[in-house]
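> got a structure for you, letters missing:
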């Protein structure tokens, strides 16, 4: 298997969310109106487009790309040798330069926390895009968009970002053995 066990486990909700978006989109696509929102502003939908595969599934493709990118970052975070496990006296330009310039996780535990936080951020991004798909895949070409849309899309993103920042801060506070 390509991914390590922790990444596979924490990737499951992301894959399930992506699959749900695809299935929902495939079921909704034949019933879309002649025009779908292309851009949503403060006053509601302010640009329209035809319901092509690219336009209708743009948010699904964004989530797929984010899933690939953040999963790769999580996996690479787990594969990097943590700072605590680096040899002490083998750095070519001095120990301080190598340690600070690489920005490694301090320990294996902090690498795992960071990887999990990245996958939580991806899941939160998926939930946010799910809300966007609800507007994009409406049955009618209505210009009005509910006021809750902005909050419903931003709150999951803020929660995922907070989890990632907290993991990074905790990593910086973890002493190197």
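Structure's in. What do you need? This is a predicted model, so every value here is computed, not measured. Numbering: from 1, shown residues only.
> quick one: the helices in the chain, in order.
Along the chain, counting by DSSP state H, helices occupy 5-28, 53-56, 58-79, 95-102, 108-136, 148-173.
> any chance of those helices in CSV with distance to residue 46 and mean neighbour count as columns?
To be clear about C-beta, it is placed using only N, CA and C from the backbone, and glycine gets the same treatment. Shown next, in CSV, are the helices of the chain (distance: least, CB to CB, whole Å; neighbours: other CB atoms under 10 Å):
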stretch, distance to residue 46, mean neighbour count
helix 5-28, 22, 15
helix 53-56, 16, 14
helix 58-79, 17, 17
helix 95-102, 45, 12
helix 108-136, 13, 21
helix 148-173, 14, 15
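> need the ones you listed in CSV with mean pLDDT and distance to residue 86, can you?
Below are the helices of the chain laid out as CSV (pLDDT from 0 to 100; distance: least, CB to CB, whole Å):
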stretch, mean pLDDT, distance to residue 86
helix 5-28, 92, 21
helix 53-56, 93, 46
helix 58-79, 94, 14
helix 95-102, 52, 7
helix 108-136, 92, 13
helix 148-173, 90, 15
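> so for residue 35, which of these sits nearest?
Among the helices of the chain, the nearest to residue 35 by CB to CB is helix 53-56 (9.7 Å).
> on contacts alone, who are the packing partners of the closest one?
Here helix 53-56 touches strand 36-41, going by 3 or more CB pairs under 8 Å, 6 or more residues apart in numbering; DSSP states H and E.
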